[in-house]
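Visitor: fold the following for me, if possible:
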Amino acid sequence: AGLAATAALLIAAALYAGYAGPDAFDWPGSQPLRLATQGGRFGTIRERELPRLRRAAAVVDPELMSQAAGEYNQSFANPCWNDPKLGLRCLPAFFVSGSFGGGASLSRLISEHPSVVHDAGGFGVWGHKWGYWSEYRNDMASYVTSLTAASEAKLREQPGSALVMDAAHTTKYLYWASSGKAHRAFSDAAVACWRRCHEHDLTGGEAYETCMEEVCLPAGRAADEAMGAAAGLRYDDVQLPMLMRAMYGARMPKFVFVLREPCDRLWSAYKGTPALNQRFGNTTTGFVHYARDQIMAWRSCVTQHGEHDCLFRFETLSMEQEKVFYHCDQLLRGMYASWLKVWFRFFPREQFLIVNADEYFEKPHLVVKKVVDFLGLSPPDNATLERMYSASEPLSWTGEWNFIPEGARRLLSKHVYNDANFELANLMAGHRKEDKWEYKEWSRWNRETWQRKRR
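Guide: Numbers count the residues shown, from 1 in each chain. Model (predicted):
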């Protein structure tokens, strides 16, 4: 078997030797683009750096940037521009990205405001069906066309107040499967290599794994890093928020991100996702097995590759990680601080409203008021409020199984989420005076875990 694997490796390497890698790009300047810092805490792009950022993004995703606005039409409150051939073109003015059912519920409710419009994709079980930004196969031309077709009438009727919403629930997450738009070079190289392995019958067992482990995954990573270098970007900045910031330019959107206590979020996702609970069993025991499986895979990855690479590049690191059930993506979603730090590098902190899902479940009226005020929407009258609240009740998929099994909570808290929760609390405390109270609010997640242990 060892000789077969070695032979497979030599054949695959010879086949792949002809791969030229990403195209050579004419990039003006040899130094990586450095992100400016503000207040010593968060980094953000200064307006004078936007032209260079846009050129960098055009290297990473040419199709996306081919649709970028030249000059926005200031008569619209929403970011819109006039294309000489296609007419009015618009991007979302704000994003609502939730934690499974809660975020989907909030976005449905906000969509009933008379000045809010969403695209023709409508809402799926977990939120917005379109999911453009986290799906690398979707193209920007179709996305903008869909948004504009669905919103143009209302935008022209209410040019000074109408806003387009994107409510895809996965947008805020930046683990690998949700960041494909920023890593097309990896996909192109790895898929081309896989096809060569397939053509030469290196598609099963040890031979296939050797081909992927020793040739295709390294080739994909090398192509991806070369793409970042060609764009003049540090590799850690080749991220979805970078592309979004470049696409929007100076007319930035707002973001409403709904975060749920990560153990509860994972439990809710497990109960609401048949692909998860059918494999391990739709029971508390099944969930404990699932949590243990994911924790062991996560800790194995961190031991071998380090936390940062496991967070952002999990399934690209080796075949061991590639074979992990759903690549630990549900587990990784609860690492909120890691994702927010990247978002805050490319957009100012004041562009974000971070909502605690528990507050939404307990006090939906208060949260809706916060969202309406944050977005600059007109206060809804009583009839509108009634219609909004009847559109969607605060939703958790756990239903009558409201409390996560304590054995699973202890495992998840100890081995995954305690440190991540403290990191989130420190991040949310921020550098602004008005944010100081948030440390106490968000660090409660860990204190509540400890209190449950003592009971």
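
Visitor: domain boundaries for the chain, per the record?
Guide: 37-179+239-454, 180-236 (automatic domain parsing).

Visitor: and those domains as TSV, adding mean neighbour count and mean pLDDT?
Guide: (C-beta placed from N, C-alpha, C; glycine too.) Output for these, formatted as TSV (neighbours: other C-beta atoms under 10 Å; pLDDT from 0 to 100):
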stretch	mean neighbour count	mean pLDDT
domain 37-179+239-454	19	87
domain 180-236	19	86
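
Visitor: tell me the contacts of V116?
Guide: Going by C-beta atoms under 8 Å, 6 or more residues apart in numbering, V116 touches I110, A162, L163, V164, M165, L377.

Visitor: in space, what's closest to it - neighbours in sequence excluded?
Guide: With C-beta to C-beta, 6 or more residues apart in numbering as the criterion, V116 has its nearest non-adjacent residue at 5.4 Å, and that residue is M165.

Visitor: tell me if the one you found really is in a strand.
Guide: Yes: looking at M165 with DSSP: H, G, I helix; E, B strand; the rest coil, it is inside a strand.

Visitor: so that it lines up with my notes, have the first residue be 47 from now on.
Guide: That works, and once the first residue is 47, the last one we named lands at M211.

Visitor: that older thread, between which two of the contacts of V162 is the distance greatest?
Guide: Spatial extent of the contacts of V162 (C-beta to C-beta) is set by the pair I156 and A208 at 13.4 Å.

Visitor: helix/strand/coil for L423?
Guide: Quick answer, by three-state DSSP: L423 is coil.

Visitor: so what's it up against?
Guide: With contact taken as C-beta under 8 Å, 6+ apart, L423 is in contact with H159, S161, V162, S207, L209.

Visitor: distance of the third one relative to V304?
Guide: Think V162. From V162 across to V304, the span is 16 Å (C-beta to C-beta, to the nearest Å).

Visitor: just the fourth one next, same as before
Guide: Using C-beta to C-beta, one obtains 24 Å as the distance from S207 to V304.

Visitor: got it, and the first one?
Guide: Computed as C-beta to C-beta, the H159 to V304 distance reads 17 Å.

Visitor: tell me the centre residue of the protein?
Guide: Residue closest to the mean C-alpha point of the chain, counted by C-alpha atoms, centre = their mean, is Y219 at 2.5 Å.

Visitor: surely that residue and L378 touch.
Guide: Yes: Y219 is within contact range of L378, at 7.4 Å (criterion: C-beta atoms under 8 Å).

Visitor: is it true that V304 lies in a strand?
Guide: Yes: under three-state DSSP, V304 falls within a strand.

Visitor: how near is E117 to L193?
Guide: Plainly put, E117 is 19 Å away from L193 if you go by C-beta to C-beta.

Visitor: er, L132 I mean
Guide: Distance, L132 to L193, using C-beta to C-beta: 12 Å.

Visitor: which residues does the nearest residue to S207 once chain neighbours are set aside contact?
Guide: Among residues not flanking S207 along the chain, S161 sits closest, at 4.7 Å (C-beta to C-beta, 6+ apart). Applying C-beta under 8 Å, 6+ apart to S161 gives the contacts K200, Q204, S207, A208, L209, L423, S424.

Visitor: possible to save those as CSV with distance to R242?
Guide: As requested, those are arranged in CSV below (distance: C-beta to C-beta, whole Å):
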residue, distance to R242
K200, 50
Q204, 54
S207, 55
A208, 51
L209, 48
L423, 53
S424, 58
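
Visitor: quick check, nearest of those to L137?
Guide: Out of the contacts of S161, the member with the shortest distance to L137 (by C-beta to C-beta) is L209, at 10.8 Å.

Visitor: OK, contacts around the closest one?
Guide: Contacts for L209 were tallied using C-beta under 8 Å, 6+ apart; they are A123, N124, A139, F140, S161, V162, V163, L421, L423.

Visitor: ok, and the closest non-adjacent residue to it?
Guide: Counting by C-beta to C-beta, 6+ apart, L209 lies nearest to A139, which is 3.9 Å off, once chain neighbours are set aside.

Visitor: and the one you found, how far is that from E487?
Guide: 27 Å.

Visitor: quick one on the thing from earlier: need the contacts of L209 in CSV (columns: distance to E405 and secondary structure).
Guide: Formatted as CSV, the contacts of L209 follow (distance: C-beta to C-beta, whole Å; DSSP: H, G, I helix; E, B strand; the rest coil):
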residue, distance to E405, secondary structure
A123, 28, coil
N124, 28, coil
A139, 24, coil
F140, 19, strand
S161, 24, coil
V162, 21, strand
V163, 26, strand
L421, 17, helix
L423, 19, coil
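
Visitor: what is the nearest of the residues you listed to S314?
Guide: The shortest approach to S314 among the contacts of L209 belongs to F140, at 24.2 Å (C-beta to C-beta).

Visitor: what segments of the chain are strands?
Guide: Along the chain, counting by DSSP state E, strands occupy 83-84, 88-89, 126-129, 133-136, 140-143, 162-164, 169-170, 173-174, 209-212, 300-305, 398-402.

Visitor: looking at these, spot the one closest to D282.
Guide: strand 88-89 (11.3 Å).

Visitor: residues in contact with K387?
Guide: Residues counted as contacts of K387 (C-beta under 8 Å, 6+ apart) are L473.

Visitor: likewise for N124?
Guide: So N124 contacts C136, L137, P138, A139, S197, L201, A208, L209, V210 (C-beta under 8 Å, 6+ apart).

Visitor: then M293?
Guide: Neighbouring residues of M293 by C-beta under 8 Å, 6+ apart: A103, L110, M111, Q113, A114, L137, M186.

Visitor: circling back to that earlier point, so which of the strands of the chain gets nearest L357?
Guide: strand 300-305 (16.3 Å).

Visitor: thinking again about what came up before, quick one, phi/psi of the residue nearest to L209?
Guide: As for A139, its main-chain torsions (degrees, to the nearest 10) stand at phi -80, psi -20.

Visitor: so what secondary structure elements neighbour the lengthiest helix in the chain?
Guide: Counting residues, the longest helix found in the chain (DSSP state H) is helix 330-351. Secondary-structure packing of helix 330-351 (3 or more C-beta pairs under 8 Å, 6 or more residues apart in numbering; DSSP states H and E): helix 308-318, helix 320-326, helix 353-359, helix 365-368, helix 375-379, helix 452-458.
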